[in-house]
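1. just to be clear, the model below is a prediction. Sequence and coordinates:
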Amino acid sequence: MANSDAVSRRSFIYRIIGAIGGFIAMLLGLPVIGYLFSPLIRRPVTPDWIGLGPVGEFPVGKPTLVGFEIPVQGEAPYSQGAWVVNWGDGRFSAYDSNCTHLGCPFNWNENAELFLCPCHGGAFSKEGQVVGGPPPHGLESYATRVENGTLYIGKTPSGHAERGA
């Protein structure tokens, strides 16, 4: 009888190990299944363009700080800022409001005609190019477009100012 007890204990242990292995496989497999079937679930579409306001609100040649919200699928939108420059010929530039060095917010200095970052001395021209300090590249710029008298920017920055973005 001792031999049959050993077999039933061994069988019991194998079943426990198999159940634990199956549970672990299920936990690891759920994200893969979710990934494969996620395209079938419709989520609200976030706009590719964000309206900043009527073009008349942006004085020619003077950078203007504009706050806006970026929608995030399934989450609350978050606040962001952009410096908008109206070049006066129908063209607009919009720069992310954070320095490309360490992400500090910067300001427009009217007297120096520069964007200045107070934290580490970064300086950028009105065109968004680095003119001094440690920033590794120009300001992040947003794509812009005007439609029905309203200025729109792309949802995310599209490049660096010195690359002509």
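-> Received, thanks. It should be emphasised that the depicted structure is a prediction, and the values quoted were computed from it without experimental measurement.

2. who's in contact with W108?
-> Residues in contact with W108 (C-beta atoms under 8 Å, 6 or more residues apart in numbering) are K62, P63, L65, W83, L114, F115, L116. C-betas here are computed from N, CA, C, even on glycine.

3. same check, this time on G67
-> S79, Q80, G81.

4. among those residues, who's most crowded?
-> Q80 (19 neighbours; other C-beta atoms under 10 Å).

5. now that one: which helix or strand?
-> Following DSSP states H and E, one finds Q80 within strand 75-86.

6. what residues sit buried inside that strand?
-> Q80, A82, W83, V84, V85, N86 (16 or more other C-beta atoms under 10 Å).

7. quickly list what the second one is bridged to.
-> Read that as A82. Note on A82: beta-bridge partners by DSSP bridges are V66, D96.

8. right, and it touches F58 too?
-> No. Between A82 and F58 there is no contact under C-beta atoms under 8 Å: 11.0 Å.

9. so what's E57 closest to, chain neighbours aside?
-> In this structure, E57 finds its nearest non-sequential neighbour in T64, 7.4 Å apart by C-beta to C-beta, 6 or more residues apart in numbering.

10. same question but for P134, I mixed them up
-> Closest to P134 by C-beta to C-beta, 6+ apart is H101, at 5.1 Å.

11. does that neighbour sit in a helix, a strand or a coil?
-> coil (DSSP: H, G, I helix; E, B strand; the rest coil).
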